[in-house]
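K.L.:
Generate coordinates for the sequence data below:
(one chain, ligands or ions: 4)
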Amino acid sequence: MKIHGACPHDCPDTCGVITEVQNGRAVDFYADPHNPISDGWLCAKVRPYLDHVYHPERLTHPLRRVNAKSERAAWRPISWEEALAEIAERWQEIIKRYGSEAILPYSFSGTLGLLQMSVASGRFWNRLGASRLERAICGEAAAAAVIYTLGGKYGTPYHHVTDSDLVIIWGHNPVSTGPHFMPYLKKAQREGTKVVVIDPRRTRTAKGADWHLAPRPGTDGALAMGMAHVIFAENLHDEGWLQDHAIGWEAYRQHVKAFTPQMTADITGLAAADIVELARLYATAKPAHLKFADGINRHQNGGQTCRALAVLPALVGQYGVCGGGLGYSTGSFLSWDGDAVEKWSACPHPPMRKVNMNRLGAALTGEVQDPPIMSLFVFGANPLAASPNAGLIKAGLQRDDLFTVVHELFMTDTAQMADIVLPATSQLEQLDLHRAYGHTQLTLNDPALEPLGESRSNWDVMRGLAAAMGFDEPWLHDKAETVINEVLSATVKSVPQLTGVTVQTLRERRGTWPLPLESEVPFANGRFPTPSGKVEIFSQLMADQGFSPLPTYVPAADTDAVADGLDPAEALTLISGASHHFVTTSFGNSDAMRQRENGPFVELHPADAAARGIADGDCVKLFNRRGALTMRAVVTDSVRPGVAVSPKGHWAQHHPEGKNVNWLTPDALADLAGQSTFHTNWVWVERGESSKS
Ligand SMILES: Nc1nc2c(c(=O)[nH]1)N[C@H]1C(S)=C(S)[C@@H](COP(=O)(O)OP(=O)(O)OC[C@H]3O[C@@H](n4cnc5c(=O)[nH]c(N)nc54)[C@H](O)[C@@H]3O)O[C@H]1N2
Ligand SMILES: Nc1nc2c(c(=O)[nH]1)N[C@H]1C(S)=C(S)[C@@H](COP(=O)(O)OP(=O)(O)OC[C@H]3O[C@@H](n4cnc5c(=O)[nH]c(N)nc54)[C@H](O)[C@@H]3O)O[C@H]1N2
Ligand code: SF4
Ligand SMILES: [Mo]
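P.N.:
Residues are numbered from 1 along each chain as shown. Ligands and ions are numbered 1, 2, ... in the order given. Have a look, this model is predicted:
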């Protein structure tokens, strides 16, 4: 039997997959050959998916902690009935004493499915009146910047790069993070397209580029404004297009006058001549495509940086052009009907209080009061290993008066800190529907297997919790397929192309359905869904909300990292972007992937290593005011001086110190949308005691 499914992981590609099942057991797993995005292949992480699904450490029974949180956890298996009854009882007590907002659900991108992520993160919690999670760990500032500028996230299709003359990939590493873009880029390159990568490190993507520029981290806003300066100064802007399609470009021309090539060079650490050349190249090669993702927005100035990037295609008249435009998320082509997902309007006391997920540690240790957080329910996320300033999160999770439930496939770092652990199904054991952020295809995921052991899907857990709490609204108890069909049909209001689309019709189409679009080229009709209908280089909306209405450059400084006796002049900026073989911490427990990742390590430039007496392979200590961590040094000129690189995703429990890179990262918020600032991260590095770790 062949079952069609979707890769659920946080990746723009959302591949179509097939599971072959014999006698109730999956015997093969591979890319759906009919799915045009996955095109017959899967990434290295997901190809061996059956090892993940049948991993010997999959959780199969609910577990109750039997000792104090300060100790290494000991567990007793319990029944689901017992688990749900205890959760309901504890919550009733908490609600009586503190109110329902003392309960915080914490979920993110373990799965991106409509049901198991979006609906499961909304309905039950709104009915409960729990605190809302401000979901700003990933790309909120970039998304806000793009929406202010263009009115929505309408990224170009991958295959359009074969029409580009020039592609600039800016602070984005698609070889690792969105690999199905790469065959199109390679094809274009073979046919003469020039590829430029802008990244402080020589990534896998940069290695294949024609030109790699490595600016200082967090200075890209200045670089984009420096490019704009050259474009205007040399009259390379497309004035006719700007007149018709943009507002604020004349003010911006004045605004970027200060960003001379020399000043931009001083800020970014690039050569002035290179900045001029890059600007000329971008303004004259047509079509010219600009592509970025969310990595670049994880800086204190990430929002304004993405604003400065998003206005560049307008300056050279490249919006609405096939092979031009902006390759950011495609998320706005299809947004699910919010109220059908969340049932906000049907809730008696929909919650108002928001807690920013990037401040979890602070929130658990006193920043959030009236009421304080007394219970945390984590699913589809691993905050102790994936969220910033993990040392403070750990301190919060160690509170004996905090009642923590974690619903997981594995005993993650976060699960180890729970009072109750609930076993979760894998994607092969649950129904879901997936849209994507890298393309516009819908992909159905039919369950191929029965749930392993006693594991339950997120939605089934929400149904169980609703019953335990005595909530009898039918929309908290509907079957998975009913809920998905309900959201599909409610979304027809805003996306009429969905008329008649149901789980069953998708099944009949082998699970894959391309959303029909008026034009594959975003903004081909010259209209932008902003308040003015034009590209908003000047955004009145931003001004009204208290932000600079024109893109700005404000230097990023991690002053919170500086402890007594530490000299900021000696700090390195630590970038901890995507690992090639993990998806954040997912797959971090695969022996095969860990071996290939061969970490944790920190890459240091030879000059920075020499200045600290560090040789390749040495054990080094990274530290700042937030924490300290020992790692192996890789001395390489693939990072620029002043920059250290240590990819995210390793499990803390695998490290002898019980920590990972997030024990160093900041929980400060960026300039827009409460965004995380993982990469505005100052660390000090010294040679460790011994060379074994
Ligand atoms: N293999 C794999 N794939 C993934 C993920 C994963 O963990 N592993 N994570 C998924 C998720 S959650 C996301 S959000 C996406 C992210 O996708 P990407 O944005 O492509 O990935 P990142 O590695 O986070 O960041 C991209 C690059 O930004 C660079 N960068 C950091 N700071 C700066 C800067 O100041 N200027 C410039 N120019 N570059 C900078 C980093 O060096 C990095 O190479 O990937 C998704 N796909
Ligand atoms: N240092 C550093 N840290 C980062 C980043 C960075 O750039 N640098 N990037 C950040 C970004 S962009 C993101 S998006 C976040 C992601 O952070 P998280 O969303 O916390 O992602 P993961 O660490 O992959 O944890 C997801 C967990 O969900 C579980 N899971 C998977 N499917 C299901 C399911 O169906 N049900 C349940 N109950 N559980 C499931 C998995 O087993 C896994 O443990 O990480 C952030 N962390
Ligand atoms: S992680 Fe991305 S590339 Fe890999 S199978 Fe999933 S969607 Fe495809
Ligand atoms: Mo992300």
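
K.L.:
Quick one: residues contacting the nearest residue to Thr584 once chain neighbours are set aside.
P.N.:
Residue nearest to Thr584 in three dimensions, not counting chain neighbours: Ala386, with 5.0 Å by Cβ to Cβ, 6 or more residues apart in numbering. Where you see a C-beta, it was placed from the backbone N, CA and C, and this is true even at glycine. Ala386 sits next to Phe108, Ile137, Thr584, Thr585, Lys648, Gly649, Asn662 when contact means Cβ atoms under 8 Å, 6 or more residues apart in numbering.

K.L.:
Repeat the analysis, applying 7 Å as the threshold.
P.N.:
Applying Cβ atoms under 7 Å, 6 or more residues apart in numbering, we find Ala386 in contact with Thr584, Thr585, Asn662.

K.L.:
what's the distance between it and Ile296?
P.N.:
The gap separating Ala386 from Ile296 is 19 Å, by Cβ to Cβ, to the nearest Å.

K.L.:
what number of residues lie near the spatially closest residue to Ala31 that is not a sequence neighbour?
P.N.:
For Ala31, ignoring the flanking residues on the chain, the nearest one in space by Cβ to Cβ, 6+ apart is Ser38 at 4.3 Å. When counting by other Cβ atoms under 10 Å, one arrives at 26 neighbours for Ser38.

K.L.:
What of Leu488?
P.N.:
Counted by other Cβ under 10 Å, the residues lying close to Leu488 total 24.

K.L.:
and if you look at Ser646?
P.N.:
26.

K.L.:
What strand or helix carries Thr630?
P.N.:
Using DSSP states H and E, Thr630 sits in strand 627-635.

K.L.:
Tell me the strands beside the helix or strand that that strand is followed by, with direction?
P.N.:
Downstream of strand 627-635, the next assigned helix or strand under DSSP H and E is strand 643-645. Here strand 643-645 has these sheet partners by DSSP bridges: strand 572-575 (parallel), strand 601-604 (antiparallel).

K.L.:
how about these, which one is nearest ligand 1?
P.N.:
Closest approach to ligand 1 among those is made by strand 572-575 (4.7 Å; Cβ to the nearest ligand atom).

K.L.:
The closest one near ligand 1 anywhere?
P.N.:
Yes - Strand 572-575 reaches ligand 1 (Cβ under 6 Å from any ligand atom) through Ile575.

K.L.:
contacts for that strand?
P.N.:
Under the contact criterion Cβ under 7 Å, 6+ apart, strand 572-575 has outside partners 200-201, 217, 608, 622, 642-646, 664, 679, 681-683, 685.

K.L.:
need the residues of the stretch 251-400 of the chain near ligand 2, please.
P.N.:
Asp294, Arg298, Phe379, Gly380, Ala381, Asn382, Pro383, Ala386.

K.L.:
ok, back up a step: out of the contacts of Ala386, which touch ligand 2?
P.N.:
Taking Cβ under 6 Å from any ligand atom as the test, ligand 2 is in contact with Thr584, Thr585, Asn662 out of the contacts of Ala386.

K.L.:
So which of those is the closest to ligand 1?
P.N.:
Distances from ligand 1 to these, taken by Cβ to the nearest ligand atom, are shortest for Thr584, at 4.6 Å.

K.L.:
Give me the phi and psi angles of that closest one.
P.N.:
With angles defined as degrees, to the nearest 10, Thr584 sits at phi 40, psi -120.

K.L.:
Cys619 now?
P.N.:
Reported as degrees, to the nearest 10, the phi and psi values for Cys619 are phi -90, psi 130.

K.L.:
Pairing-wise in the sheet, spell out the partners of it.
P.N.:
For Cys619, the beta-bridge partners are Arg632 (DSSP bridges).

K.L.:
Can you get me a residue count around it?
P.N.:
For Cys619, the count of nearby residues is 16 (other Cβ under 10 Å).
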